[in-house]
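**Q** take a look and give me a structure for this.
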Amino acid sequence: LGNEWVHLLTTNTSYRLRFDLVTYDHKWAHAEYSTFWIGSESDNYRLHVSGYSGNAGNALLATSYNNENGQTFKTTDRNKRTGCCCGGWWDAGCGLVRLTGRYELYEVSFHSVVWYPFSKRLAYADMKIQRND
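**A** Predicted coordinates:
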């Protein structure tokens, strides 16, 4: 959808966010956050999540060092995303979640698609939002 549309969708109505994850050896896990919204472009599409449930581990809110909640959306060309990560994401550095990384079948690197502690190497990752009714 793009960040602007997700911002517009989640601004006035309560939404939840779900991640479905699969490893190369076919292990499945999910993480769900009962509250989800992102800020406006002027706030760099800041991420807001809370209320974790699931079996993948609470990677978005794991520790104060690796807490994606409240982070702005970063890319390599905007908002100073540098270092070990690929693609755009809300992170405080090289955190525990990199879903816009590279799919690397035979090696694990700082560019791999990751949801740690569930897996350091994902074959599939899906994000879904749903309105809370």
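**Q** now the closest residue to Tyr24 other than its chain neighbours, what's its secondary structure?
**A** Of all residues not flanking Tyr24 in the chain, Ala123 sits nearest, at 4.5 Å (Cβ to Cβ, 6 or more residues apart in numbering). Quick note: C-beta positions are derived from backbone N, CA and C, even for glycine. Here Ala123 is recorded as strand under DSSP: H, G, I helix; E, B strand; the rest coil.
**Q** going forward, begin numbering at 462 instead of 1
**A** Okay, using 462 as the starting number, the last item reads as Ala584.
**Q** for Ala584, what are its contacts?
**A** Contacts for Ala584 (Cβ atoms under 8 Å, 6 or more residues apart in numbering) come out as 483-485, 564, 574.
**Q** out of these, which are buried?
**A** Among the contacts of Ala584, the ones that count as buried by 16 or more other Cβ atoms under 10 Å are 484, 574.
**Q** closest to Thr536 out of the contacts of Ala584?
**A** Comparing the contacts of Ala584 against Thr536 with Cβ to Cβ places Val574 closest, at 16.6 Å.
**Q** my guess is the closest one contacts Leu566. True?
**A** No - taking contacts as Cβ atoms under 8 Å, Val574 lies outside contact range of Leu566: 10.9 Å.
**Q** where does pLDDT dip in the protein?
**A** For the chain, applying pLDDT under 70 flags the ranges 524-526, 539-547, 553-556, 571.
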